[in-house]
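Undergrad: sequence and predicted structure below; questions after.
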Amino acid sequence: QAPIKATCEDMSCKTGFPEDVHSAVVSRSVHGGQPLLNVKFRSCDGNKKIHFGSSEPEDFRVGEDGVVYAERSFQLSAEPTEFVVSAQDKETQEEWQMRVKLTPEPAFTGASEKDQKKIEDIIFPWQQYKYSSPLKRQKRDWVIPPINLPENSRGPFPQELVRIRSDRDKSLSLRYSVTGPGADQPPTGIFIINPISGQLSVTKPLDREQIASFHLRAHAVDVNGNQVENPIDIVINVIDMNDNRPEFLHQVWNGTVPEGSKPGTYVMTVTAIDADDPNAQNGMLRYRILSQAPSSPSPNMFTINNETGDIITVAAGLDREKVQQYTLIIQATDMEGNPTYGLSNTATAVITVTDVNDNPPEFTAMTFYGEVPENRVDVIVANLTVTDKDQPHTPAWNAMYRMTGGDPTGRFTILTDPNSNDGLVTVVKPIDFETNRMFVLTVAAENQVPLAKGIQHPPQSTATVSITVIDVNESPYFVPNPKLVRQEEGLLAGSMLTTFTAQDPDRYMQQTSLRYSKLSDPANWLKIDPVNGQITTTAVLDRESIYVQNNMYNATFLASDNGIPPMSGTGTLQIYLLDINDNAPQVNPKEATTCETLQPNAINITAVDPDIDPNAGPFAFELPDTPASIKRNWTIVRISGDHAQLSLRIRFLEAGIYDVPIVITDSGNPHASSTSVLKVKVCQCDINGDCTDVDRIVGTGLGTGAIIAILLCIIILLILVLMFVVWMKRRDKERQAKQLLIDPEDDVRDNILKYDEEGGGEEDQDYDLSQLQQPDTVEPDAIKPVGIRRLDERPIHAEPQYPVRSAAPHPGDIGDFINEGLKAADNDPTAPPYDSLLVFDYEGSGSTAGSLSSLNSSSSGGEQDYDYLNDWGPRFKKLADMYGGGDD
């Protein structure tokens with residue numbers, strides 16, 4: 001390419017864009033994040049903080065360095081794309097604008113540079129201020145066409161591209177430089193310029209698939225770094241080469257087509273992409289089918305649209321029952337499918353033939369057989385099997401069964417087994433062998449969905465089911481059940497009540513007669529004859545019994561046969577008992593209280609009769625003639641059919657308890673009457689009618705129930721006291737037993753080594769124990785070292801001389817020895833205040849033995865009687881055995 005010469009004019013510095021309209025040529029295919037061009041903003045003072053913006057922010061973004069990036073990937077139309085780039089001073093809010101026009105580059109045809117289209121002249125920017133005059137235009141600087149450079153060039157590198165010169169290089173020594181992505185911005189170092197000659201070169205092969213175009217800016221300065229020309233934009237377009245194969249989005253494509261589809265039915269679409277320019281032949285793809293497997297019923301069952309990749313059917317005969325899946329090898333070739341120059345790639349298309357209902361279910365047999373015992377329900381009596389060539393477990397395969405004849409009463413139903421698709425003939429109503437011994441059913445089977453159109457098969461299949469009923473031993477049944485009998489109460493024991501029999505439904509079985517038994521008879525009033533079912537009474541029937549509810553008495557009986565297995569049935573006999581006048585009325589309440597005087601002294605009473613109408617009320621009340629004092633002191637008046645009022649006839653009746661007999665007669669036929677005694681308590685009353693005679697009330701107000709309750713309380717209290725006394729005595733015995741637990745033979749508590757007496761420390765361990773066992777060998781007190789003593793003693797005075805026991809003790813010496821030791825202890829000022837020689841521990845209170853200080857021996861010698869030691873308690877039992885045993 002020949003060097004390009006640029007001219008420029010001097011102009012004064014003016015802040016803003018160097019042009020009003022900036023034109024740039026870019027590739028038709030724009031990728032997101034791709035740098036498109038670099039806009040130049042001139043700041044005369046160099047201190048302004050400029051923020052760039054775009055009028056189309058969704059498509060273009062302007063960086064802080066003035067580089068315009070594509071925000072998304074899109075294709076440029078044939079017409080130029082225009083948008084406005086704005087610059088705003090962050091401090092003064094002053095704003096400048098420049099219009100940018102993007103023109104898509106023409107397809108590269110290898111023509112010479114002179115045939116290439118020139119870009120528009122670079123026009124100086126215009127600036128706009130708030131409240132300013134109309135826009136001003138400036139003169140243009142350099143004009144340079146875009147440079148087209150093929151990708152993947154083999155060099156040699158660096159490869160010269162263009163020469164940049166200025167008219168001022170004749171009079172000035174200039175230095176040239178380029179800026180922008182690919183030069184001093186990432187990716188850096190791709191383009192370099194000779195600073196002296198202005199020769200622009202590329203240093204390595206370019207890849208259009210990474211960056212489709214570069215937008216550089218050339219600068220010319222003098223040796224002092226002063227700008228002598230306005231920067232110019234250089235656009236370098238990377239020309240696409242066919243260096244990328246088509247790539248399918250998926251290596252395996254899956255599609256479906258219904259069986260029986262007509263030619264031209266759409267199946268699926270496969271898609272491949274090519275990283276090369278899609279607007280050039282390098283990126284234009286064509287599709288074709290290389291192979292089909294299997295090749296039946298035709299090797300060309302499918303075709304593909306070579307441009308869109310749509311796969312459609314071209315032949316009839318798709319049958320899932322024969323071929324369930326087809327595998328196609330699809331090839332995509334660029335260069336518009338040119339097999340010589342284009343690059344190719346393949347993928348697999350798997351087409352599954354989906355099922356349609358083109359096969360109805362067919363029974364495997366014309367007649368099915370089954371049997372069922374009578375009176376059984378929810379029993380499967382026959383399995384109906386069908387075959388269906390459609391895909392299992394789909395609506396086109398699932399069978400539905402229905403009965404078309406032979407079951408007018410609806411005793412059978414047919415369910416479908418979801419796993420095997422069999423029809424399960426099931427009994428839903430009991431069948432009686434004596435009524436129906438066999439059923440012949442007509443059934444039909446069809447799919448859940450109707451057959452597809454054009455299928456030459458009947459939509460359903462039919463078959464016959466023959467079902468035999470098996471006779472079994474059935475339970476007898478009472479007729480009627482329950483049986484109601486009306487009978488007057490009072491029927492005597494042994495009377496024949498009724499006959500309650502059952503029937504056996506098994507007419508075709510050889511069985512003996514039925515046997516009867518009683519199952520439930522709450523009052524035990526009845527018995528049944530086991531052969532003929534005759535029921536007789538065993539007690540008097542009483543309507544007022546607690547077992548009779550609403551005049552009805554229920555008894556249950558059992559009838560059993562001798563079949564195999566034996567069966568039985570129950571029946572209920574209901575006896576409606578008619579009332580008779582067998583109960584006399586009674587007075588209620590049994591006790592009442594009234595005052596001594598006439599006013600107020602009325603007592604309301606009620607007549608109670610267990611019988612019912614007409615053997616109950618209204619009742620007649622009267623007082624008996626004897627004793628005569630009853631009618632003399634009392635009077636009774638009926639106030640209603642069931643109630644009467646008893647009151648004093650005399651003015652005053654002494655306080656006390658009176659038994660007033662009352663004769664009550666009911667309305668039965670014949671009448672029933674009784675004399676009831678009303679216990680009336682007469683007391684002194686105040687003006688309000690309340691009793692004031694407390695003593696008399698207390699004396700007479702205790703009924704039988706209250707007295708029994710008081711007696712029970714007293715008995716319970718006595719039992720508690722007795723239990724407490726027994727417990728106290730037992731505790732005392734246990735306490736005494738604990739004191740005697742140690743065998744006197746093993747009682748060694750007189751040994752000082754057995755006590756946990758810690759004394760005064762380690763010095764307290766230096767006891768001369770020999771004086772307890774051999775007192776005659778003990779050294780005199782004067783020889784004993786002074787320091788050998790208990791620390792809790794206070795040796796203020798000289799230690800007393802205690803008596804020494806002889807080596808061979810004699811019973812007569814014990815009293816003298818103890819008395820001498822007692823005197824020495826009493827005269828010992830260092831001894832504790834209690835009478836102890838610190839030999840024994842304090843055992844506590846409660847000992848039966850007295851204090852040793854109270855002992856007094858009246859004599860000594862071999863004639864001493866030591867039997868009194870037995871009275872001193874268990875502690876001296878050892879001594880009593882040694883000295884009180886007589887000659888022994």
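TA: Happy to help now that I have it. Numbering: from 1, shown residues only.
Undergrad: quick check, residue 648 in contact with residue 634.
TA: Yes: under the criterion of CB atoms under 8 Å, residue 648 makes contact with residue 634 at 6.5 Å. To be clear about C-beta, it is placed using only N, CA and C from the backbone, and glycine gets the same treatment.
Undergrad: quick one: least confident helix or strand in this protein?
TA: Across the helices and strands of the chain, mean confidence by mean pLDDT, DSSP states H and E is lowest for strand 126-127: a mean of 33.
Undergrad: Provide the strand pairings for the very next helix or strand once past that strand, with the direction of each partner.
TA: Going down the chain from strand 126-127, the next helix or strand is strand 147-150, by DSSP states H and E. Listed by DSSP bridges, the sheet partners of strand 147-150 and their directions read strand 232-239 (parallel).
Undergrad: gap between the strand it pairs with and the chain center?
TA: 69 Å (CA atoms, centre = their mean, to the nearest Å).
Undergrad: now stretch 325-345
TA: Here the centre of stretch 325-345 is set off from its chain's centre by 58 Å, with CA atoms, centre = their mean.
Undergrad: tell me which residues in it are buried?
TA: Buried positions in stretch 325-345, judged by neighbour count with 16 or more other CB atoms under 10 Å: 326, 328, 330-335, 337, 342-345.
Undergrad: next one: stretch 515-523
TA: 515, 516, 518, 521.
Undergrad: contacts for the helix or strand containing the third one, please.
TA: For residue 518, the enclosing helix or strand under DSSP H and E is strand 515-520. Surrounding strand 515-520, the residues in contact under the criterion CB atoms under 8 Å, 6 or more residues apart in numbering are 500-502, 526-531, 533, 554-562, 570.
Undergrad: now a ChimeraX select for only the buried ones of these.
TA: In ChimeraX, this line selects whichever of these come out buried by 16+ other CB under 10 Å:
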select :500,501,502,526,527,528,533,555,557,558,559,560,561,570
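Undergrad: among the contacts of strand 515-520, which are in strands?
TA: 502, 526, 527, 528, 554, 555, 556, 557, 558, 559, 560, 570 (DSSP state E).
Undergrad: so what's the second one bridging to?
TA: Beta-bridge partners recorded for residue 526 (DSSP bridges): residue 537.
Undergrad: isn't it up against residue 538?
TA: Yes: in this structure, residue 526 is within contact of residue 538 by CB under 8 Å, at 6.5 Å.
Undergrad: where along this protein do the helices fall?
TA: Using DSSP state H, the helices found in the chain span residues 628-633, 694-700, 704-739, 770-773, 813-826, 877-883.
Undergrad: TSV for the ones you listed, including mean pLDDT, mean neighbour count and distance to residue 380?
TA: What follows is the helices of the chain, written out as TSV (pLDDT from 0 to 100; neighbours: other CB atoms under 10 Å; distance: least, CB to CB, whole Å):
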stretch	mean pLDDT	mean neighbour count	distance to residue 380
helix 628-633	82	14	86
helix 694-700	48	13	84
helix 704-739	86	10	70
helix 770-773	50	12	104
helix 813-826	78	16	110
helix 877-883	77	16	96
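Undergrad: so residue 630 versus residue 658, what's the distance?
TA: 9 Å (CB to CB, to the nearest Å).
Undergrad: what residues are shared contacts of the two?
TA: Joint contacts of residue 630 and residue 658 (CB under 8 Å, 6+ apart) do not exist.
Undergrad: picking that back up, which one of the helices of the chain lies nearest to residue 218?
TA: Among the helices of the chain, helix 704-739 comes nearest to residue 218, with 123.3 Å by CB to CB.
Undergrad: next one: that closest one to chain centre, how far?
TA: Taking the mean of its C-alpha atoms, helix 704-739 sits 58 Å from the chain's own mean (CA atoms, centre = their mean).
Undergrad: and that helix, what other elements does it pack with?
TA: Packed against helix 704-739, as judged by 3 or more CB pairs under 8 Å, 6 or more residues apart in numbering; DSSP states H and E, are no other helices or strands.
Undergrad: can you give the domain ranges for the chain?
TA: 21-104, 141-239, 247-354, 362-470, 477-578, 586-683 (the TED database).
Undergrad: so can I have JSON lines of those domains showing distance to residue 823?
TA: Below are the domains of the chain laid out as JSON lines (distance: least, CB to CB, whole Å):
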{"stretch": "domain 21-104", "distance to residue 823": "125"}
{"stretch": "domain 141-239", "distance to residue 823": "126"}
{"stretch": "domain 247-354", "distance to residue 823": "127"}
{"stretch": "domain 362-470", "distance to residue 823": "113"}
{"stretch": "domain 477-578", "distance to residue 823": "94"}
{"stretch": "domain 586-683", "distance to residue 823": "85"}
